[in-house]
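>>> Predicted model follows, preceded by the sequence.
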Amino acid sequence: MLTQVQIDKFHRNGFLNGGRVLSDEELGELSDTLDEILTKGPDGFVPGEAQPVSFRDLAGVSVSEHPVWQIVNIWEAAPAWERLIYHPAVVRGISQLTGHADLQVWHDQIQYKPARYGGSTHWHQDAPLWPIIKPMTPVSAWIPLDDATEDNGCMWMVPGSHKWGNQIAFLRTQGNLSLLENFKDLQGFTPPADAEIREVEARPCPVMRGEVSFHHSLTWHGSPFNQSHRPRRAIAIHYMTGAARFDQSGEHLMKQFVALPDDAPMAAAGRHFPVVCRDGEPVGVPARLRA
């Protein structure tokens with residue numbers, strides 16, 4: 001359970017380290033399973049085999065010089081990762097920070113930055129990239145399998161930026177910021193005059209393996225190159241609240257799995273969007289995954 005002090009801190013800053021949630025045993029199983037999938041690669045799955053929705057280098061080419069490997073819905077490819085989306089400490093934290101009693105998974109995504117040459121994830125906000133759901137899904141959980149520190153490309157956040165509105169157009173002008181030495185140098189933006197925080201201060205947010213970091217879907221965040229000798233493997237789990245509805249006008253990778261009329265509740269979207277919290281209580285890991 002998060003304390004009221006932690007909840008208040010999240011609402012002020014737009015992000016929060018919620019502390020350690022995974023045991024060494026859980027981390028070992030998740031790491032081994034992820035490494036098997038990374039070794040298999042995007043083209044290593046056979047027809048009919050359980051596999052993620054997407055497996056690609058975010059640079060948009062088959063293999064770039066500085067890859068950031070993204071795997072969307074790894075939970076659909078491996079039971080260890082499916083168990084994680086139901087983790088009670090994570091789910092309860094999301095419920096507390098959103099103020100919603102009903103939650104379901106929007107999607108997850110692995111981001112893997114290889115040691116020495118892993119690429120950057122440019123400054124962005126999440127919600128503008130998810131135009132098929134409304135209102136915006138408010139809070140995500142980010143859990144690293146390796147200590148995520150400044151030298152291997154931890155996430156950076158801008159406190160208070162979640163209260164500045166949709167600023168994705170501005171953030172796309174900051175694509176030249178990709179190295180640890182310059183990642184904080186955001187230039188050319190003035191926060192709204194009535195904002196609680198009116199200073200653009202990019203801040204590194206180290207997270208140790210097995211800890212959970214929560215962030216609002218409008219919080220400015222990104223991560224620089226990994227030029228260290230250590231990999232940076234992490235998962236972001238994005239959740240929807242019971243208020244989420246389908247916006248047919250938008251486009252997104254997950255739209256292919258939504259067979260709903262416009263403005264229908266996403267609670268009816270089906271098996272690719274599992275319910276994880278109902279009436280304020282985590283539903284727990286399904287029995288078929290506990291065997």
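Thanks, I have the structure now.

>>> What ranges does this structure have for its helices?
Secondary structure of the chain by DSSP state H: the helices cover 4-13, 24-40, 79-85, 88-98, 168-171, 287-290.

>>> Mind checking those for the one nearest to residue 271?
helix 79-85 (11.5 Å; CB to CB). Every C-beta, even on glycine, is put in place using the N, C-alpha and C of the backbone.

>>> quick one, what contacts residue 154?
148, 204, 205, 206, 207, 223, 232 (CB atoms under 8 Å, 6 or more residues apart in numbering).

>>> Any stretches of the stretch 51-200 of the chain with poor pLDDT?
61-63 (pLDDT under 70).

>>> What segments of it are strands?
54-57, 69-72, 103-113, 121-124, 133-134, 139-144, 156-157 (DSSP state E, counting those that start in this stretch).

>>> need the ones you listed in JSON lines with distance to residue 190 and mean neighbour count, can you?
Shown next, in JSON lines, are these (distance: least, CB to CB, whole Å; neighbours: other CB atoms under 10 Å):
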{"stretch": "strand 54-57", "distance to residue 190": "35", "mean neighbour count": "18"}
{"stretch": "strand 69-72", "distance to residue 190": "32", "mean neighbour count": "20"}
{"stretch": "strand 103-113", "distance to residue 190": "30", "mean neighbour count": "24"}
{"stretch": "strand 121-124", "distance to residue 190": "16", "mean neighbour count": "20"}
{"stretch": "strand 133-134", "distance to residue 190": "28", "mean neighbour count": "21"}
{"stretch": "strand 139-144", "distance to residue 190": "26", "mean neighbour count": "25"}
{"stretch": "strand 156-157", "distance to residue 190": "19", "mean neighbour count": "23"}
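
>>> want to throw those strands into JSON lines with distance to residue 200?
Below are the strands of the stretch 51-200 of the chain laid out as JSON lines (distance: least, CB to CB, whole Å):
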{"stretch": "strand 54-57", "distance to residue 200": "30"}
{"stretch": "strand 69-72", "distance to residue 200": "27"}
{"stretch": "strand 103-113", "distance to residue 200": "24"}
{"stretch": "strand 121-124", "distance to residue 200": "11"}
{"stretch": "strand 133-134", "distance to residue 200": "27"}
{"stretch": "strand 139-144", "distance to residue 200": "22"}
{"stretch": "strand 156-157", "distance to residue 200": "12"}
